[in-house]
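Undergrad: Coordinates for the following, if possible.
(one chain, ligands or ions: 2)
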Amino acid sequence: MPKAKIAPSMLSSDFANLASEAARMIHCGADWLHMDIMTYKPLFAHQFWAYLDCHLMVTNPLDYVEPLGKAGASGFTFHVEVSKVFDCGRITWYLVTENWQELVQQIRSKGMMPGVALKPGTPVEEVYPLLDGENPVEMVLVMTVEPGFGGQKFMPEMMDKVRALRKKYPSLDIEVDGGLGASTIDMAASAGASCIVAGSSVFGAAEPAQVISLMRKSVDV
Ligand code: DX5
Ligand code: ZN
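TA: Ligands and ions are numbered 1, 2, ... in the order given. Purely as a prediction, here's the structure:
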């Protein structure tokens with residue numbers, strides 16, 4: 001079982017003071033900083049001295065490999081559900097199939113760690129080819145809320161996916177994202193999650209360091 005990584009989600013931070021918010025989280029004991037990449041341009045990262053765990057909620061992650069690599073991102077996690085936007089202007093969402101290898105290769109060539117994320121409605125089996133094939137991804141992000149925004153309710157039924165992944169891949173980094181905090185951390189930890197993303201529970205706490213430390217203790221037993 002890999003060591004715990006606690007990753008405050010910067011989506012819940014004060015965007016006008018991103019650099020000092022990042023410094024504050026590192027001071028509070030964060031291992032990683034989780035950056036949700038949606039529509040804003042990834043021009044921020046080089047100013048932080050931390051592991052930047054980037055979660056790509058975009059329709060064409062390949063377009064972001066170079067800018068994020070330049071910006072100093074550390075991890076690059078794309079969704080298994082999307083791989084391409086057709087140029088006819090119609091957005092088509094489909095499962096990553098033949099072109100995930102190229103994406104993973106590009107991510108690695110820019111010095112980033114490739115990971116794959118799956119939404120609550122996607123069966124866990126969809127990520128197996130990306131772990132079993134040549135040039136596999138190094139982390140799976142199991143979404144425990146519908147992606148989009150912070151402060152949503154944790155979905156405990158997603159722990160079946162975490163358990164299945166932990167059983168099949170004992171040393172894999174498994175990340176959970178959405179609704180994690182003091183009341184849900186034990187469910188995630190006992191299912192086998194090793195990387196914990198937490199936005200509102202950390203940023204909304206009077207003492208973020210205590211929340212971070214509590215979550216780390218729960219994972220590292
Ligand atoms: C949701 C994002 C999360 C979000 C989590 O789409 O991927 O990273 O910031 O926020 P909380 O921890 O508040 O659920
Ligand atoms: Zn996220």
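Undergrad: Contact partners for the one residue sitting closest to the centre of the chain?
TA: In the chain, the C-alpha closest to the average C-alpha coordinate belongs to residue 55, at a distance of 4.7 Å (Cα atoms, centre = their mean). Contacts were defined as Cβ atoms under 8 Å, 6 or more residues apart in numbering; by that measure residue 55 touches 34, 35, 36, 37, 77, 117, 141, 177, 197. Placement of C-beta: from N, CA and C, glycine included.
Undergrad: How about the fourth one: what's its closest non-neighbour residue?
TA: Pointing back at residue 37 there. In space, and not counting its chain neighbours, residue 37 is closest to residue 56: 5.0 Å by Cβ to Cβ, 6 or more residues apart in numbering.
Undergrad: give me the beta-bridge partners of the one you found?
TA: Taking DSSP bridges as the rule, residue 56 bridges to residue 37, residue 78.
Undergrad: if I look at it, how far off is residue 73?
TA: From residue 56 over to residue 73 the distance is 10 Å, taken as Cβ to Cβ, to the nearest Å.
Undergrad: ok so, going back, of the contacts of residue 55, which fall within the contact range of ligand 2?
TA: When Cβ under 5 Å from the ion is applied, the members of the contacts of residue 55 adjacent to ligand 2 are 36, 177.
Undergrad: so which of the contacts of residue 55 comes closest to residue 215?
TA: Closest approach between those and residue 215, by Cβ to Cβ: residue 197, at 10.2 Å.
Undergrad: Regarding that closest one, which helix or strand does it belong to?
TA: Under the criterion of DSSP states H and E, residue 197 resides in strand 195-198.
Undergrad: State the next helix or strand along the chain beyond that strand.
TA: Toward the C-terminus from strand 195-198 - assigned by DSSP H and E - lies helix 200-203.
Undergrad: anything in that following helix near ligand 2?
TA: No - no part of helix 200-203 sits near ligand 2 under the criterion Cβ under 5 Å from the ion; the closest distance found is 12.2 Å.
Undergrad: List the buried residues in the very next helix or strand once past that helix.
TA: Sequence order places helix 208-219 as the next helix or strand after helix 200-203, per DSSP H and E. Judged by neighbour count (16 or more other Cβ atoms under 10 Å), helix 208-219 contains these buried residues: 208, 211, 212, 214, 215, 216, 218, 219.
Undergrad: ok now do the last one, which residues does it touch?
TA: By Cβ under 8 Å, 6+ apart, the contact set of residue 219 is 4, 6, 185, 188, 189, 193, 194, 196.
Undergrad: how close does the fourth one sit to residue 204?
TA: Think residue 188. As for residue 188, its distance to residue 204 is 18 Å (criterion: Cβ to Cβ).
Undergrad: Between these two, which has more neighbouring residues?
TA: In this view residue 188 and residue 204 are compared by other Cβ atoms under 10 Å, and residue 188 has more residues nearby, 27 against 14.
Undergrad: Now name the helix or strand holding the more buried one.
TA: Secondary structure from DSSP H and E places residue 188 in helix 185-191.
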